[in-house]
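Undergrad: Pasting the sequence and the predicted model now:
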Amino acid sequence: SAVISQKPSRDICQRGTSLTIQCQVDSQVTMMFWYRQQPGQSLTLIATANQGSEATYESGFVIDKFPISRPNLTFSTLTVSNMSPEDSSIYLCSVDTSGYNEQFFGPGTRLTVL
Amino acid sequence: GENVEQHPSTLSVQEGDSAVIKCTYSDSASNYFPWYKQELGKRPQLIIDIRSNVGEKKDQRIAVTLNKTAKHFSLHITETQPEDSAVYFCAASINRRGNQFYFGTGTSLTVIP
């Protein structure tokens, strides 16, 4: 199966700043997904990132707050902008490497906003 | 959109006993149902999945059943072991490339040695 990595693995940030999270896959994938997992909660899809087009955002998430880049078929970034303590979560990317709608997750980025 | 409900939220079993986690979904178009296991501090790991053209799938001690008429599916773990302790998430999606997953709220399973 594909190797999925994320950077950073964790960070502590100040209110009002922004953090960019990177997701790298060792094979080309069409779709990459970004999720948020708040402490003790389930996974919530933020957006679907397609290479060469605008990301598709789920209800409750907007591009100004969570801009996403997808410059090629192996890489994507998610930026959490103008952070507040409510943004403290684990952010995970996932990819479908099998082509059968199976999603595999990266290790996650644990974000704490003070 | 799809709504996935998962029960119970917590489950404790004695080692060697069976554990069953149940999920229901609302969108009859959903036809792919994966289950993920998430250990503390780790990423969710796909452990088993089922597609709507089958009613049951088994992989060693883990099985999943699907009732499309009733719109529910279940995870069965037999002969539980302490290493089965984790949070389990069900999900539903429409089996086409790139469709989003709708996750259940999770079940925290504890296997007591």
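TA: That came in fine, so what should we check first? Numbers count the residues shown, from 1 in each chain, chains lettered A, B, ... in the order given.

Undergrad: Just list the residues touching residue 38, thanks.
TA: All of this is about chain A. Residue A:38 sits next to A:44, A:88-90 when contact means C-beta atoms under 8 Å, 6 or more residues apart in numbering or on different chains. Placement of C-beta: from N, CA and C, glycine included.

Undergrad: that's the wrong chain, I meant chain B
TA: Residues in contact with residue B:38, defined by C-beta under 8 Å, 6+ apart, are B:44-45, B:86-89, B:106.

Undergrad: now these in TSV, with neighbour count and distance to chain A?
TA: Rendered in TSV, the data for those read as follows (neighbours: other C-beta atoms under 10 Å in any protein chain shown; distance: C-beta to the nearest C-beta, whole Å):
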residue	neighbour count	distance to chain A
B:44	28	5
B:45	13	8
B:86	21	14
B:87	20	9
B:88	23	11
B:89	25	6
B:106	23	5
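
Undergrad: partners of the residue most central in space within chain A in the sheet?
TA: The central residue of chain A, meaning the one whose C-alpha is nearest the mean C-alpha position (C-alpha atoms, centre = their mean), is residue A:34 at 3.5 Å. Beta bridges link residue A:34 to residue A:47, residue A:93 when assigned by DSSP bridges.

Undergrad: tell me which parts of chain A are close to chain B?
TA: Chain A has residues A:30-31, A:33, A:41-45, A:48, A:50, A:58, A:92, A:96, A:99-108 near chain B, with proximity defined as C-beta under 8 Å from any C-beta of the partner chain.
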